[in-house]
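Asks: Quick one: sequence and predicted model below, then my questions.
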Amino acid sequence: MSMRNIKLTIEYDGTNYHGWQSQKNAVAVQDVVVKAIRKLTGEEVRLIGASRTDVGVHAFGQVANFHTYSKIPPERFSYALNSFLPEDIVIKHSKEVDMGFHARFSAVGKKYRYMIFNSDRPSALLRNRAYFVPVPMDLEAMQEAASHFLGTHDFAAFCATGGSAKTSVRTITDISVSKRHDYNGDIFEIEVSGNGFLYNMVRIIAGTLAEVGMGKKRPDEIPGIINSRRREMAGITAPAHGLYLVEVYYEDN
């Protein structure tokens, strides 16, 4: 019986979980998926996730992989596992990949989205899905500020303490800020793609752009903040519940 490597694409609402990564005294998304695999296959598997999303962070496209001796057709794993999962975790896609594929180490980039709800009153429906900002925000200023993040920089000013990265140099390949009217207010969406991200980096970028939008910082201050490499120069760490892991990029899987 040969072993296979199965790649899962997972969507989840992170509200009720202690992040992706297994914890000793709290329920994480990883734990719930491993339990579902155990129920389905009878196997104890090591589930590898692409991104260790924090408490409250959501995902459209978290990627994970595990090795199995099960004979279930690869594309059927998604349907079968969903019958064992709660409604706030869904396997969107499953496929067999080569044995060398590693959800985390094979990744060549990631895309995140940060959502801000801008209105004079909060939204009951978005309370766990978007950062509520009650003062008017300037879209053009935010877009101008965002453009300064493009390219390769030392992002030490946008890294929270507690990260384990060996270097704070990262490359942002794409960043955009858009606005639409919804939920009786304005939804600002910040999308950031890059080759990798430091601990809380996207949330600090989002918090800094929100401060630009509110007029607390100017767009032309961003290069100086990046060059300072000092965390206190950047903006707040925006709340976790506004962050979504959209997609993980791989070269050929």
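Replies: Cool, the structure landed.
Asks: Between the two ends of stretch 160-180, how far is it?
Replies: From its first residue to its last, stretch 160-180 covers 30 Å (CA to CA, to the nearest Å).
Asks: same question for it, mean pLDDT?
Replies: Per-region confidence: stretch 160-180 scores 90 on mean pLDDT.
Asks: Repeat that for stretch 203-222.
Replies: When pLDDT is averaged over stretch 203-222, the result is 98.
Asks: next one: that stretch to chain centre, how far?
Replies: Offset of stretch 203-222 from its chain centre (CA atoms, centre = their mean, to the nearest Å): 20 Å.
Asks: Find the helix or strand that the residue nearest to Ile48 when sequence neighbours are not counted is a member of.
Replies: Ranked by CB to CB, 6 or more residues apart in numbering and with sequence neighbours excluded, the top spatial neighbour of Ile48 is Ala103, at 4.7 Å. In short, each C-beta sits where N, CA and C put it, glycine included. Assigned by DSSP states H and E, Ala103 belongs to no helix or strand.
Asks: For Ala103, grab phi and psi.
Replies: When quoted as degrees, to the nearest 10, the phi and psi of Ala103 stand at phi -50, psi -40.
Asks: how about the helices in the stretch 101-250 of the chain?
Replies: 139-147, 201-213, 222-228 (DSSP state H, counting those that start in this stretch).
Asks: The residue nearest to Leu245 when sequence neighbours are not counted: helix or strand, and which one exactly?
Replies: Once flanking residues are discounted, Leu245 sits nearest to Ala59: 4.2 Å by CB to CB, 6+ apart. Using DSSP H and E, Ala59 maps to strand 58-68.
Asks: So which elements touch that strand?
Replies: strand 4-12, helix 29-41, strand 48-49, strand 243-249 (3 or more CB pairs under 8 Å, 6 or more residues apart in numbering; DSSP states H and E).
Asks: Go again with 6 Å.
Replies: Judged by 3 or more CB pairs under 6 Å, 6 or more residues apart in numbering; DSSP states H and E, strand 58-68 is in contact with strand 4-12, strand 243-249.
Asks: Quick one: name whatever helix or strand follows it.
Replies: Downstream of strand 58-68, the next assigned helix or strand under DSSP H and E is helix 77-82.
Asks: Summarise which helices and strands that next one is packed against.
Replies: Here helix 77-82 touches helix 29-41, strand 89-97, going by 3+ CB pairs under 6 Å, 6+ apart.
Asks: Would you tell me which one of these is buried the most?
Replies: When you average the neighbours per residue for each of the helices and strands packed on helix 77-82 (mean count of other CB atoms under 10 Å), helix 29-41 leads with a mean of 19.
Asks: how's the protein carved up into domains?
Replies: Per automatic domain parsing, the domain ranges recorded for the chain read 4-97, 109-249.
Asks: Please measure how far the first residue of the shortest one sits from its last one.
Replies: Looking back up the chat, that one is domain 4-97. 8 Å.
Asks: thinking in terms of the whole chain, how far from its middle is that domain?
Replies: Distance, stretch centre to chain centre, for domain 4-97: 15 Å (CA atoms, centre = their mean).
Asks: Need the per-residue pLDDT for the residue nearest to Leu245.
Replies: 98.
Asks: what's around it, how many residues?
Replies: Around Ala59 there are 27 other residues, counting by other CB atoms under 10 Å.
Asks: just Asp220 next, same as before
Replies: Counted with other CB under 10 Å, the neighbours of Asp220 add up to 11.
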